[in-house]
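Colleague: just coords:
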């Protein structure tokens, strides 16, 4: 595929950090959505 063997370790770290932050934000968003749906269902 698109393998670049000349990329620096810092680029790999930056890519990992971006993906990690995106995953954390997604987890927080899903948690907030579940809380919202749960509270709406309890209200009736």
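Modeller: Now that the structure is in, tell me what you want to look at. Keep in mind the model is a prediction, meaning the values are calculated, not measured. Numbers count the residues shown, from 1 in each chain.

Colleague: drop to CA atoms for contacts and neighbour counts, all remaining ones
Modeller: Noted.

Colleague: Can you pull up the most central residue in this protein?
Modeller: With distances taken as CA atoms, centre = their mean, residue 23 lies nearest the centre of the chain, 1.5 Å away.

Colleague: can you tell me how far it sits from residue 38?
Modeller: When CA to CA, to the nearest Å is applied, the distance between residue 23 and residue 38 equals 22 Å.

Colleague: cool, residue 9 as well?
Modeller: When CA to CA is the yardstick, residue 9 and residue 38 sit 43 Å from each other.

Colleague: same check, this time on residue 18
Modeller: Distance of residue 18 to residue 38, computed by CA to CA: 30 Å.

Colleague: Listing request: residues of the protein with sub-threshold pLDDT.
Modeller: In the predicted model, the chain carries pLDDT under 70 at residues 1-5.

Colleague: switch to 80 and redo it
Modeller: Screening the chain residue by residue with the criterion pLDDT under 80, one finds the ranges 1-6, 44.

Colleague: Quick one: the helices in it, in order.
Modeller: Counting by DSSP state H, the chain forms helices over residues 9-43, given from the N-terminal end onward.

Colleague: What's the separation between residue 12 and residue 29?
Modeller: Using CA to CA, one gets 26 Å for the distance from residue 12 to residue 29.
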